[in-house]
Structure formats: structure tokens, C-alpha cells
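In: Kindly return the folded structure for what I paste below:
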Amino acid sequence: VVEAVGEGVTDFEPGDAVVLSYYSCRACGTCERGHPAYCEHGYAGNFSGARPDGSFPMRWRGAPIRSGFFHQSSFATRVLAHRHNAVKVDRAAPLELLAPLGCGFQTGAGAVLEAFRLQSGQALAVFGVGAVGLAAVMAARVAGAASILAVDLDAGRLELARELGATDTFLATEPELTKTMLKRTRGGVDFALECVGMPQVLRQAFDVTRPLGTCGLLGLPSPEASEVTLSMTRLLYGKRLVGIIEGDADPKTFIPRMVALHAEGRFPLEKLSRSYDFEAINDAVHDMEVRTAIKPVLRMHGGNTR
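Out: Predicted coordinates:
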């Protein structure tokens, strides 16, 4: 909830309810072409702990400190954010549910609806059905996909994926998984998403993509395992492999779209989120690690999520 605005800010005022997302400059070449997720100043603005110009928004005992993950903050009761980070929502909106829209849910749903622009009747395979993958499953159902295949290590998450729209589910440990999926889809899917960040999983996603289809990489790989081997022959058959950041979505337009889909009952965020009091942050992290919680949300200030 906005408490104060800086000089020159006219699109927000105190009392506005907002969802926060990533920073983009809105002025570079990629931003002007409608792809703010690939902003030329995005890395500095989101991950350096400083402003893109190198200055620091916060000080501790007179000395500048690095802060502001995603050009805002993390685990803080107050946030100093840029106007480009914020997306206004209805003041009566359930902020506890909408808070995660600015990153993971946007990444999965945006990949399907914005990057792929999946059409009714097409097929999608999702490898890894955590928060990102399940958002992709829900978006594919919204788009009218004929087949939605989900792959995961956890049978419980696969059951939830079916509830949210998956037509076929596979345990990642299934022998000859790729052959089974190719047989089930009669030659492959139109689109595949890797949501795990593992080279062997990306290879599986690529291999189940049909000729002229597109495989998208969403998962963040570890520095130790960030290279993948692909078949050059299969690439020649018109397959595409693309990296996708934040779903290639513009938060200013895409977050309101997800909010509207939720209001219509077509994007059931409540099935993915679990709320915790801030004091239980360690419990939230533990539950995420052992896969009993998909999207933990921390509550601060008597129930308000900030």
C-alpha cells in the first residue's frame, strides 16, 4: 500500500494498493519494442543492489549500502520502489493472493500467453510444476490448449496439475519418459517449457517438441550445471529454443490481466498460495524446500502483505 510518493510521481498516490514486479527503464531499445523484461538496464536495476546509475537508495550509519532486490526490497516492512516497479490494483483486492503475481506466476503464465501466444487446440508440455509451471498450466487452459502435459518428481503436485488443467501427467522418474511422451502426443508438442533449470530436463523438453515447435527455458541453472547438449539434426527441423525472462510480459498490462482472470475464476491463485506470519519465515522456507508449499506468502502488519 503506497504511503508516500516522490517528486514527479503522478500515476500513484498515498493509499493506492499495488503489486510490485521487476524494474525496467522504459526507455531503452528493448523496452520501447515492448519487451521490458529484457531491459538493457535490467540487471543493474534489479540485482546490483544499487540504482542503474550506480547511486544507492539507502544508508546505514551514514554509509551507502546495497539493498533493493528487484529495485525494491526483500522481507521488509517498508519498501522504496520505483514507479516502474508498481502496478495499481483495486484497493479492495486480496493483496495476500496477488502479491506473487509480479514474478513467478507472471513468468509461467506469461511464457504461455505472451511469449508463445499459444492458440486453442495446440499442445504444451511443462517440465516442473512448482509455482511457475502450475501458472503455465493454468494459462494453457485459459488459452484453450488441446493437450497439457505435466512432468514432475512429486505425485501430489501432478495431481494438482490435473486439477488445474493438465490432461496428462508423468513422473519424471518414469523410464523412457521422452519416448512415452512422444507416443502420447503422436510426434511431439507445439510448445514445451523447462521450469527446473537442469540441462537434462531442458534436453527432454526440447526432444518432445515437434518440428517447427518451440521449447522455452524458464528455469535458472546453477553455475556448475549451465550447459546443455542438443541434437543439431533435430534443430534443422525448424525447432526453436528460446530463453524467456519474466514470461516476456509487461507487468503494467499483464498483471491486471491475471487479476481479471482470477476474478473470473479462471486463474485460481488460492490453490497455489499458503500464507505465513512473518515470524514463521523459517517454516515457510522449510515447507517450500520439502515441497509441501508451492508459493509461501509472508504476512506483515496484522495481515497486510507488503
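In: where do the helices sit along the stretch 51-200 of the chain?
Out: Using DSSP state H, counting those that start in this stretch, the helices of the stretch 51-200 of the chain run over residues 95-98, 104-110, 131-143, 155-164, 177-184, 199-207.
In: what packs against the shortest one?
Out: The elements that helix 95-98 packs onto, with contact taken as 3 or more CB pairs under 8 Å, 6 or more residues apart in numbering; DSSP states H and E, are strand 17-20, helix 251-263, strand 273-277, strand 295-299. No exception for glycine: its C-beta is placed from N, CA and C like everyone else's.
In: Equivalent analysis for the longest one, please.
Out: Where contact means 3+ CB pairs under 8 Å, 6+ apart, helix 131-143 is packed against helix 104-110, strand 123-127, strand 147-152, helix 155-164.
In: what sits against residue 178?
Out: Taking CB atoms under 8 Å, 6 or more residues apart in numbering, we find residue 178 in contact with 204, 207-208.
In: would a markdown table of the residues you listed with neighbour count and distance to residue 217 be doable?
Out: As requested, the contacts of residue 178 are arranged in a markdown table below (neighbours: other CB atoms under 10 Å; distance: CB to CB, whole Å):
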| residue | neighbour count | distance to residue 217 |
| --- | --- | --- |
| 204 | 22 | 12 |
| 207 | 19 | 14 |
| 208 | 26 | 14 |
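In: Columns pLDDT and distance to residue 255 on top of the residues you listed, output as CSV?
Out: Formatted as CSV, the contacts of residue 178 follow (pLDDT from 0 to 100; distance: CB to CB, whole Å):
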residue, pLDDT, distance to residue 255
204, 97, 31
207, 97, 34
208, 98, 31
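In: And stretch 26-44, end to end?
Out: 14 Å (CA to CA, to the nearest Å).
In: buried residues in it?
Out: 28, 30-31, 35-39, 41-42, 44 (16 or more other CB atoms under 10 Å).
In: Which of those residues fall within strands?
Out: Taking DSSP state E, every one of the buried residues of stretch 26-44 sits outside strands.
In: could I get those as JSON lines with pLDDT and distance to residue 294?
Out: Putting these into JSON lines (pLDDT from 0 to 100; distance: CB to CB, whole Å) gives the following:
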{"residue": "28", "pLDDT": "96", "distance to residue 294": "34"}
{"residue": "30", "pLDDT": "97", "distance to residue 294": "31"}
{"residue": "31", "pLDDT": "97", "distance to residue 294": "31"}
{"residue": "35", "pLDDT": "97", "distance to residue 294": "28"}
{"residue": "36", "pLDDT": "97", "distance to residue 294": "26"}
{"residue": "37", "pLDDT": "97", "distance to residue 294": "23"}
{"residue": "38", "pLDDT": "97", "distance to residue 294": "27"}
{"residue": "39", "pLDDT": "96", "distance to residue 294": "28"}
{"residue": "41", "pLDDT": "93", "distance to residue 294": "32"}
{"residue": "42", "pLDDT": "93", "distance to residue 294": "26"}
{"residue": "44", "pLDDT": "90", "distance to residue 294": "31"}
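In: List phi and psi for the closest residue to residue 35 other than its chain neighbours.
Out: Excluding the flanking residues, the one nearest residue 35 by CB to CB, 6 or more residues apart in numbering is residue 248, at 6.2 Å. The phi and psi torsions at residue 248 (degrees, to the nearest 10) take the values phi 50, psi 30.
In: can I assume residue 248 is in contact with residue 112?
Out: No - with contact defined as CB atoms under 8 Å, residue 248 does not reach residue 112; the gap is 10.5 Å.
In: Those two - which one has more neighbours?
Out: When residue 248 is set against residue 112 and neighbours are counted by other CB atoms under 10 Å, the residue ahead is residue 112, at 28 against 24.
In: how many other residues sit next to the nearest residue to that one once chain neighbours are set aside?
Out: Excluding its sequence neighbours, the residue lying closest to residue 112 (CB to CB, 6+ apart) is residue 139, at 3.9 Å. Neighbourhood size, residue 139 [other CB under 10 Å]: 28.
In: related to what we said a few turns ago, of all the helices and strands packed on helix 131-143, which one is nearest residue 232?
Out: strand 123-127 (21.5 Å; CB to CB).
In: Could you export that closest one as CSV, CA atoms only?
Out: C-alpha atoms of strand 123-127 as CSV (Å, rounded to 0.1, in the frame of the first residue of the first chain):
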residue,chain,number,x,y,z
ALA,A,123,-0.3,-28.8,-27.2
LEU,A,124,2.0,-27.8,-24.3
ALA,A,125,4.4,-29.8,-22.1
VAL,A,126,5.5,-28.4,-18.8
PHE,A,127,8.6,-29.8,-17.0
